[in-house]
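**Student:** Next come a sequence and a model predicted from it.
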Amino acid sequence: MKRNLTLGGLLAALSIVAGIACFTLSGCSSVARALNIENPRYSIRDIHPRVDIALPLSASSIDVDFALEVDNPNSVGLRLDQIDFNLFINDTRVLDSVSQQGIRIPANGRGDVRLSTRIGYQNIRSIFTEIADVVRGNRARYEIRGNAYYNTPIGQMKFPVTVYSSR
C-alpha cells in the first residue's frame, strides 16, 4: 500500500511539473507574438575620420568614428549588445569590425551608438583614390552593413543593419 502511495505521489508531481512546463513554453511563444519585436531603424548622424600619418608609412592609419542614431519603434526597450559590420567607402569594402555596446534603447525612443574603427595601412593603399578624394574635400559616401544583436524580453535577437551617409 505504501508503495502505491509513493508511486502515485511521484506521478502526480510529474504531472504538475509537465503542466507548468507546457504553460510556460506556450506563454513564452505567445509573449513573443504579442510583442512582435521589429528591427529598429538606423541613420548615420556624424562621421569623423582622422588621418594619422607616421614613419614608416606602414604605421599610418585612419580612425573613423561614427555616431549612429537607433530609432526603436517597439513597445519594449532593447539593449544593443553588439554590432558586427563591414565598412564601405564609395562602394569599396574597406574592413570588417565588431563593436561591443551595451546601449539601452528606450521603447518607442531613440539612442545614440558610437562606432569606432581603424583603417590600417594595407587597407588605406587599397582605397587610395577614395581617400585622396576625401583629402581634396570631396565628400565620401560611407556605408555600414552588418548585424545588430539585441537583448530583448524574449531573449537575444539578431537584426540586419544597412545604413549609409548621403553624398
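**Tutor:** Sure, I can see it.
**Student:** Low-confidence bits of the chain, can you list those?
**Tutor:** 1-34, 125-138, 166-167 (pLDDT under 70).
**Student:** and if we set it to 50?
**Tutor:** Across the chain, the ranges flagged by pLDDT under 50 are 22-32.
**Student:** Now name the helix or strand holding the residue nearest to residue 64 when sequence neighbours are not counted.
**Tutor:** Among residues not flanking residue 64 along the chain, residue 49 sits closest, at 4.8 Å (CB to CB, 6 or more residues apart in numbering). All C-beta spots, glycine's among them, are computed from the backbone N, C-alpha and C. Assessed by DSSP states H and E, residue 49 sits inside strand 41-52.
**Student:** Check the protein and tell me which residue is nearest its centre.
**Tutor:** The residue lying closest to the centre of the chain (CA atoms, centre = their mean) is residue 148, at 1.9 Å.
**Student:** Beta-bridge partners for it, please?
**Tutor:** residue 83, residue 159 (DSSP bridges).
**Student:** who are the neighbours in contact with it?
**Tutor:** Contacts here follow CB atoms under 8 Å, 6 or more residues apart in numbering; on that basis residue 148 touches 39, 40, 80, 82, 83, 158, 159, 160, 161.
**Student:** farthest-separated two in those residues?
**Tutor:** Using CB to CB, the pair of the contacts of residue 148 lying farthest apart is 39 and 82, separated by 15.0 Å.
**Student:** the more surrounded of the two?
**Tutor:** Neighbours were counted for residue 39 and for residue 82 using other CB atoms under 10 Å; residue 82 has more, 18 against 15.
**Student:** gap between the closest residue to that one other than its chain neighbours and residue 156?
**Tutor:** The shortest distance from residue 82 to any residue other than its chain neighbours is 4.5 Å, reached at residue 149 (CB to CB, 6+ apart). As for residue 149, its distance to residue 156 is 6 Å (criterion: CB to CB, to the nearest Å).
**Student:** same deal with residue 80?
**Tutor:** From residue 80 over to residue 156 the distance is 11 Å, taken as CB to CB.
**Student:** again, but for residue 95
**Tutor:** Distance from residue 95 to residue 156, by CB to CB: 25 Å.
**Student:** higher neighbour count, those two?
**Tutor:** residue 95 (18 against 11).
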